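In: Next come a sequence and a model predicted from it.
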Amino acid sequence: MQFGLYLHYPFCRNKCSYCDFYKDVYDTSLEKKFFHALRIETELASEDPFLQEATIGSIFIGGGTPSLVNCDLLADWLSVLRRHYDVAEGVEFTVECNPESVTLDLLQIFKELGVNRPVFGIQSFDTKTLQLLGRRHVPDHSRRAIYLANVLGFRNFGVDLIFGLPNQNSRLLSSDLDQVIDLEPPHISFYQLTVEENTKLSKQVASGTIKLPDQELTIGFYRGGCEKMAIEGYFRYEVSSFAKPGFECRHNLRYWDGGDFLGLGPSAHSFIDEQRFANRVDVQQYIESLTSGILPRTVDESGVEERMTEAIMLGLRTSRGISRSAFTERFGTSLEKRIDRKQYALLVESGHLIPDRGSLKLSEEGIYLADEITRRLLK
Ligand code: SF4
């Protein structure tokens, strides 16, 4: 039995205007205290009987800005992790990196520590847009980061690109895609910008100081991006995830398939043996709890209905769709019993859903309306 290990590294240099992830401003002494607490959390969490029998199949360090990390502290934590858990041979090990903080030394150390999949948050190649979003990097940082990853022989790496950006038009998006594809990353995450509540961006949009492309244009961007990446040999295996064959992110596939994962760090979530936990969001409270020897978790009491809903939402976003047999095995009921039969029939008739005996998945047209179709199907 394998599970994924997620670490939320909670520090950034500054706050980007669109971001609502939990993070604190980077501070060396707070980082030290965080790693001290993390080591305790790692040890306490390993006492779970399910995890003692299982093997870590993927490690993913996200944030925040993990490329700011003090590598000595990271190495120290990894040795605690390897002492207390069984880590699979050839484990996929991803670290998210902000281009401006990537250096040859950093990537070299990451590689020595076992990282085999850096992911670079490029987001756009338009300098003005990056400034508007509050990002600290410029396009040259992105190109240099990928160059260094190639120099060090990382076979597997990914980039993140956002569409639906302020003032974006087809020409700007096309230029972003061309420049990304030129760098030949094995994996591209292609996300739509979402306006989260209580962010600087939401205020700018509400006041009219920033204008975002309308919905029709944004769907056109996505469609155009999908077509371009398909021509270049990228396979869309999830709505926002595109990979060359064999370079799908195994860690994320585990989430979408309803697999087990342990989340460490503030605000991290876990799903272990059909039980959900959420860690405290605030880094100070996280540290205080762990230095008192208490896991900073609350159990998520959501029941089987919520888990079925989530399985349908996530499964429909993948190219494989929802496996009927896996659904029945997991929940003890058939997929048909959990979805709206009338909507199902209408969506099959309109060509948005592809049913077969083994799975239920979205058609090419359905992918563009994934959220709306999911809403209609769930009763
Ligand atoms: S660097 Fe990433 S996590 Fe940090 S504020 Fe910006 S978008 Fe959010």
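Out: Cool, got the structure. Numbers count the residues shown, from 1 in each chain.

In: Read off the pLDDT value for the nearest residue to Gly321 once chain neighbours are set aside.
Out: In space, Gly321 comes closest to Lys361 once its chain neighbours are excluded; the distance is 2.5 Å by Cβ to Cβ, 6 or more residues apart in numbering. Just so you know, the C-beta spots here come from the backbone N, C-alpha and C atoms, and that holds for glycine as well. Per-residue pLDDT puts Lys361 at 92.

In: Asn14 too?
Out: Reported pLDDT for Asn14: 89.

In: how many neighbours does Ala54 have?
Out: 19 (other Cβ atoms under 10 Å).

In: One more: Phe35?
Out: The number of residues packed near Phe35 is 20, by other Cβ under 10 Å.

In: hang on, isn't Glu41 packed against Pro266?
Out: No: the criterion here is Cβ atoms under 8 Å, and Glu41 misses it with Pro266 at 10.0 Å.

In: Next, show the common contact partners of those two.
Out: Pro296 (Cβ atoms under 8 Å, 6 or more residues apart in numbering).

In: coming back round to it: secondary structure class of the residue nearest to Gly321, three-state.
Out: Recorded secondary structure, Lys361: strand (DSSP: H, G, I helix; E, B strand; the rest coil).

In: and the closest residue to Asn169 other than its chain neighbours, how many residues sit next to it?
Out: Of all residues not flanking Asn169 in the chain, Pro213 sits nearest, at 7.5 Å (Cβ to Cβ, 6+ apart). The number of residues packed near Pro213 is 20, by other Cβ under 10 Å.

In: Likewise for Ser124?
Out: Neighbours of Ser124 using other Cβ under 10 Å come to 25.

In: Tell me the confidence at it?
Out: Ser124 is given a pLDDT of 97.

In: ditto for Gly57
Out: So Gly57 comes in at 98 (pLDDT).

In: give me the element the residue of the stretch 201-350 of the chain found nearest the ligand is part of.
Out: Residue of the stretch 201-350 of the chain nearest the ligand, by Cβ to the nearest ligand atom: Leu201 (10.8 Å). Per DSSP states H and E: Leu201 is located in helix 200-207.

In: Also Ile162?
Out: Using DSSP H and E, Ile162 falls in strand 158-163.

In: Tell me the strands beside that strand, with direction?
Out: If you go by DSSP bridges, strand 158-163 pairs up with strand 117-123 (parallel), strand 187-192 (parallel).

In: could you point out which element follows it?
Out: Following strand 158-163 toward the C-terminus (DSSP H and E): helix 170-182.
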